[in-house]
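# Got a predicted model here, sequence first, then my questions.
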Amino acid sequence: MDKERAQRFMHKVIGDVATTLSGALVLVGDSTGLFRAMAGAGPLSADEVAQRSGVHPRYAQEWLGAMTCSGYVEHDPATDRFELPDEHAMYLTDPQSEAWLLGMFTGLPAMMAMAPRLADAFRSGGGVPFAEFGEALPVALEQMNRSVYESRLVRTWLPAVPAAVERLQAGGRAIDVGCGTGVVPLLLARAFPQASIEGLDLDARSIAIARSYAEREGLQDRVRFVNASAEALSGQPGYDLVTTFDVVHDLPDPLGVLQRIRGALAEGGTYLMVEPKVDDLLEKNRENPFGRMLFAISCLHCVPQSLAQGGPGLGACWGPTRARELAAEAGFSHFAVLPVRSPAMAFYELRA
């Protein structure tokens with residue numbers, strides 16, 4: 001028995017428990033406005049934080065202690081004052097900023113609550129349907145991605161497929177398969193007013209939310225949202241651009257969907273597949289700061305909801321080699337990894 005190794009592992013386990021519990025307090029800090037109250041304010045006493053945020057002083061004091069120990073907030077023992085550094089606030093306070101990371105916490109309660117149900121699935125080999133993760137999950141998933149999509153989709157990502165951009169500018173057709181609450185189709189509609197834009201998703205709640213967003217933005221006549229599976233894809237007329245964002249690995253029939261997407265493309269059309277950015281080798285993903293998070297999300301959500309549909313449970317960490325192989329099996333003649341800079345997402349260009 002290596003006692004030092006055992007001691008290190010014990011510290012890791014305690015650290016993991018602390019991280020999990022701190023995640024709940026990060027959510028509280030967001031919902032109560034504590035982070036926003038501290039942003040740009042410099043060093044504050046616990047009472048001043050309470051006053052600025054409107055929370056009870058005793059809770060403010062204990063929360064500040066927890067956030068100090070977790071490294072979110074800094075504490076000066078000489079003055080007993082707390083500060084949220086600008087370098088931290090940029091990730092915690094502005095939902096419109098692409099740097100905002102608090103959206104990643106919003107799905108945690110629903111996923112954690114499924115642990116007992118997931119344990120049963122582990123034993124039976126079954127899955128957990130998407131709907132069972134709760135009514136709040138569609139918006140939670142949206143909040144994990146919206147700010148980055150709004151900042152990057154049109155300005156940075158689409159220029160990597162210039163032929164598709166030219167077609168949309170000329171009034172072409174595009175569809176986002178697995179569109180969720182409609183963020184991508186609505187962004188496309190705003191950027192390409194002459195184009196015909198659609199969003200397709202099997203989840204009725206997500207489509208209802210997407211339609212409400214379209215009405216709110218005055219785009220209900222510009223974007224068509226369809227509550228259906230990928231079997232509803234039609235190649236008549238074909239699409240100049242088909243997109244999937246973080247979708248393929250969740251599907252019950254990834255090969256069949258890619259075959260339908262290929263058949264739905266117009267001649268010369270582009271399929272933009274975006275998937276989690278991971279390495280094919282597990283040991284390389286241990287070095288990736290996103291690897292731990294992606295594997296956890298995959299095990300908690302991606303694999304069980306695919307298995308629940310009778311799918312293969314590819315999982316979020318299926319990697320570029322299997323993506324290339326699946327594309328070839330589906331009949332695509334062109335597969336390229338696009339030079340889009342992203343720490344968490346891989347961008348693949350496919351053509352028939």
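That came through, no problem.
# Buried residues, stretch 226-239. List them.
Within stretch 226-239, the residues scored as buried using 16 or more other C-beta atoms under 10 Å are Val226, Asn227, Ser229, Ala230, Leu233, Gly238, Tyr239. All C-beta atoms are positioned from the backbone trio N, CA, C, and that covers glycine.
# Could I get those in TSV, plus columns for secondary structure?
Supplementary listing: the buried residues of stretch 226-239 in TSV, determined by DSSP: H, G, I helix; E, B strand; the rest coil:
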residue	secondary structure
Val226	strand
Asn227	strand
Ser229	coil
Ala230	helix
Leu233	coil
Gly238	coil
Tyr239	strand
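# Just give me the closest of those to Ile197.
Ranked by distance to Ile197 (C-beta to C-beta), those are led by Tyr239 at 10.2 Å.
# does the closest one really touch Leu168, like I thought?
No: taking contacts as C-beta atoms under 8 Å, Tyr239 lies outside contact range of Leu168: 10.3 Å.
# any shared contact partners between the two?
Residues touching both Tyr239 and Leu168 (C-beta atoms under 8 Å, 6 or more residues apart in numbering): Ala174.
# quick one: the strands in this protein?
Ranges of strands in the chain, per DSSP state E, are 74-76, 81-83, 173-177, 196-201, 223-227, 239-245, 265-276, 334-337, 345-351.
# could these go into JSON lines alongside mean pLDDT and distance to Arg8?
As requested, the strands of the chain are exported to JSON lines (pLDDT from 0 to 100; distance: least, C-beta to C-beta, whole Å):
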{"stretch": "strand 74-76", "mean pLDDT": "98", "distance to Arg8": "27"}
{"stretch": "strand 81-83", "mean pLDDT": "98", "distance to Arg8": "30"}
{"stretch": "strand 173-177", "mean pLDDT": "98", "distance to Arg8": "45"}
{"stretch": "strand 196-201", "mean pLDDT": "98", "distance to Arg8": "45"}
{"stretch": "strand 223-227", "mean pLDDT": "97", "distance to Arg8": "51"}
{"stretch": "strand 239-245", "mean pLDDT": "98", "distance to Arg8": "39"}
{"stretch": "strand 265-276", "mean pLDDT": "97", "distance to Arg8": "29"}
{"stretch": "strand 334-337", "mean pLDDT": "97", "distance to Arg8": "37"}
{"stretch": "strand 345-351", "mean pLDDT": "97", "distance to Arg8": "33"}
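# just so I know, which of the ones you listed lies nearest Ala37?
Going by C-beta to C-beta, the one of the strands of the chain nearest Ala37 is strand 81-83, 11.0 Å.
# Skipping its backbone neighbours, what lies nearest Pro129 in space?
Spatially, and ignoring its direct neighbours in sequence, Pro129 is nearest to Ala308 (4.4 Å; C-beta to C-beta, 6 or more residues apart in numbering).
# give me the number of residues near that neighbour?
By other C-beta atoms under 10 Å, 18 other residues sit near Ala308.
# so it sits right up against Gly125, yeah?
No: applying C-beta under 8 Å, one finds Ala308 not in contact with Gly125, separated by 11.0 Å.
# still on that earlier bit, from Pro138, how far off is the residue nearest to Pro129?
16 Å (C-beta to C-beta, to the nearest Å).
# Equivalent analysis for Phe130, please.
Phe130 is 9 Å from Pro138, by C-beta to C-beta.
# what is in contact with the two at once?
Applying C-beta under 8 Å, 6+ apart, one finds that Phe130 and Pro138 are jointly contacted by Asp203.
# Now Leu251. Nearest residue, chain neighbours left out?
Here the residue nearest Leu251, using C-beta to C-beta, 6+ apart, is Val257, at 5.2 Å.
# The one you found and His249 touch, don't they?
No: in this structure, Val257 is not within contact of His249 by C-beta under 8 Å, at 11.1 Å.
# Tell me which of those two has more neighbours.
Set side by side, Val257 and His249 show more neighbours around His249, with 25 against 22, by other C-beta under 10 Å.
# ok, for that one, nearest residue in space, not its chain neighbours?
Using C-beta to C-beta, 6+ apart and skipping the chain neighbours, the partner closest in space to His249 is Leu314 (4.1 Å).
# need the contact list for that neighbour.
Contact analysis of Leu314 by C-beta under 8 Å, 6+ apart lists Val248, His249, Asp250, Leu251, Pro254, Cys302, Val303, Ser306, Arg322.
# And those residues, which is closest to Leu34?
Cys302 (31.6 Å).
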